[in-house]
Structures are given as structure tokens and as C-alpha cells.
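>>> just need the structure, nothing else, for what follows:
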Amino acid sequence: MKQWKLIPPVTKTILFVCTAITVLIHVIPFEGNSTETAILFGAYYKTFVSAGEWWRLFTAGFEHVNFWHLLMNMYSLYLLGSVLERTYRPLRYFLLLCLSSIAGYAFLFVTGGNTVAVGLSGGLYGLMAAYFILVYKAGGFRIPQVRNSCLEVLAINLIMNFMPGIGYQVHLGGLFMGALLGILFTRDPQWKSVRSSALLCTIAFSAVLMILIPSHLSIPEDERYLGTDARILTYEKDHGLQNYAEGMARRIDDLYEISYLEETLTEDNG
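Numbering: from 1, shown residues only. You can find the predicted model right below:
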């Protein structure tokens, strides 16, 4: 309990939210499989993102289906967050974590197929990059205890690469954005020119993602999962979101260039 009280507020809140969502995923009744349940709770799913649910680039980071995945990510968040939240202050720390996570999922969107992905790993890779920059700037790699701490953080994040439901693209995008933001958030006058370069790279990276996204909206025929789409939308329709579900069905039909989901939901009404 004493250790819990020492955790900074933003980190503590995220630990609670991620854990609560994971528990809800396993207790809310839904007839679909774990992947479909994850989508229902806000996982990254390219079909639904392309159909307009861009908020999934944000919410996917706070969702974990596997308890082992949750444990590893929350331990990494505890190690990194306890240091970085106090260093950057709550707002910058929260921006660093969230923007790294969003960048990771956006990078997955433009480089990956129609996959489902969850987890805070992209944000944690961003925190790790920022942490290593802080340690390097302070000359901490020469101190054995600090060096061992960095190796522990690195090992945990590398293990995340083998977790199900996570694409390596999420890690790469989060790592790159985190490194850039970590440089931008430094206040050392000697890093002024480096910060200017990092700002340009951040703008360029964000612009490239924004430019590429419109050309990666389509879903190949062999990566369309109509049964999954129908079950999720039917559940939403049956639980007070009929207009929203039917609107999503129309948009996904347009995306696939077919007439199926909207008709399926309409038939269920009859």
C-alpha cells in the first residue's frame, strides 16, 4: 500500500484504467471470441478505423486482453512512469505517452494489414526512448545501477515483441515519436540546436503519416472479416446503439464496396 501511494498520479490512474478495462473484457457477456471482444472495447481494428473510428488509435493503448500482457506492460509503466512523470511533470508526461502510442498505431495503419492490436507498448517504447535520452544527457550510463536499470527496462520491452495482438510497427512508431518528444522536452540550453532538429523531424514524421493514411484506407478482399464485423455491430445495435451501428454498417459496406452488413442489421430488425 505504501508503494502504491508513492506512484505519481497520472501513472497511477493509467495503471487503474488499464487494469479495469482488462477485467471488464473478461466479465462483460459477449458471445464473440476474445479478438471480437477486444474490438468491442476499442481495440485497433483497421476496418473500423478506416470506416471512421479514428479514436481507436487512442483507446487501443489502454486495452489489454491477456493478463500476462497487462502485467508486463503495467510493470514497465510503473518503472518508467515513476521517473518520467516527476521529471517532465504530469501534462508533458501524459502527452509523451499518448502521442507515442497514437504514433505507433498510426504507423501500423500505414504499414500493416487488417489486423487487431491492443496494448500500451507503443507508448511504453516512447517512454523508454525518452528515458534513455535523459540518462544519456545526465551521463548515467557510466553508473552501474543506472545501466542495470536501463537493461531491465530494455529487456521487458523486448519481451513485449513476442506478445500476441501487438505489431512490431506499433513499437517502432512509438519508439521514434518518443525519442523526438524526449528531445523536445529537454531544457538543457546546450541541446537547443538538437531540439530544433527534433521539432522538424516530429513535424515531418507526423505529416508523412497524415499524407499516407488516405491511401491506406482500403481493405483487401482476403483480409475482410464480415462475420466479425456483423457480430460486433449486431451487439452494439442490440444494446442501445442502433443508429450508430447501422451507420457503421453503411460505411463498412462502402469501404468493401458491397451491400451486406446494412442488410444484415436491417433483417435482424425484422
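
>>> helices or strands up against the helix or strand residue 47 falls within?
Element membership of residue 47 [criterion: DSSP states H and E] is helix 46-50. Under the contact definition 3 or more CB pairs under 8 Å, 6 or more residues apart in numbering; DSSP states H and E, helix 46-50 sits against helix 56-59, helix 242-256. Every C-beta, even on glycine, is put in place using the N, C-alpha and C of the backbone.

>>> let's have those helices in a markdown table, adding mean pLDDT, mean neighbour count and distance to residue 206.
Putting the helices and strands packed on helix 46-50 into a markdown table (pLDDT from 0 to 100; neighbours: other CB atoms under 10 Å; distance: least, CB to CB, whole Å) gives the following:
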| stretch | mean pLDDT | mean neighbour count | distance to residue 206 |
| --- | --- | --- | --- |
| helix 56-59 | 98 | 18 | 13 |
| helix 242-256 | 94 | 18 | 25 |
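
>>> okay, these in a markdown table with distance to residue 30 next?
Listed next are the helices and strands packed on helix 46-50 as a markdown table, based on distance: least, CB to CB, whole Å:
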| stretch | distance to residue 30 |
| --- | --- |
| helix 56-59 | 17 |
| helix 242-256 | 14 |
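
>>> and those: which comes nearest residue 155?
helix 56-59 (27.6 Å; CB to CB).

>>> contacts for that closest one, please.
41-45, 48-49, 98, 101-102, 105-106, 109 (CB atoms under 8 Å, 6 or more residues apart in numbering).

>>> got the CA positions of that helix in PDB?
Provided in PDB are the C-alpha atoms of helix 56-59 (Å, rounded to 0.1, in the frame of the first residue of the first chain):
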ATOM      1  CA  ARG A  56      -9.300   3.600 -31.800                       C
ATOM      2  CA  LEU A  57      -5.700   4.900 -32.400                       C
ATOM      3  CA  PHE A  58      -6.000   6.300 -28.800                       C
ATOM      4  CA  THR A  59      -8.200   3.800 -27.000                       C
END
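
>>> now the next helix or strand along the chain from it: mean pLDDT?
Next helix or strand after helix 56-59 toward the C-terminus (DSSP H and E): helix 67-88. In this model, helix 67-88 carries a mean pLDDT of 91.

>>> in helix 67-88, which residues are buried?
69-70, 72-74, 76-81, 83-85, 88 (16 or more other CB atoms under 10 Å).

>>> then stretch 185-202?
Buried residues in stretch 185-202 (16+ other CB under 10 Å): 185, 186, 191, 195, 198, 201, 202.
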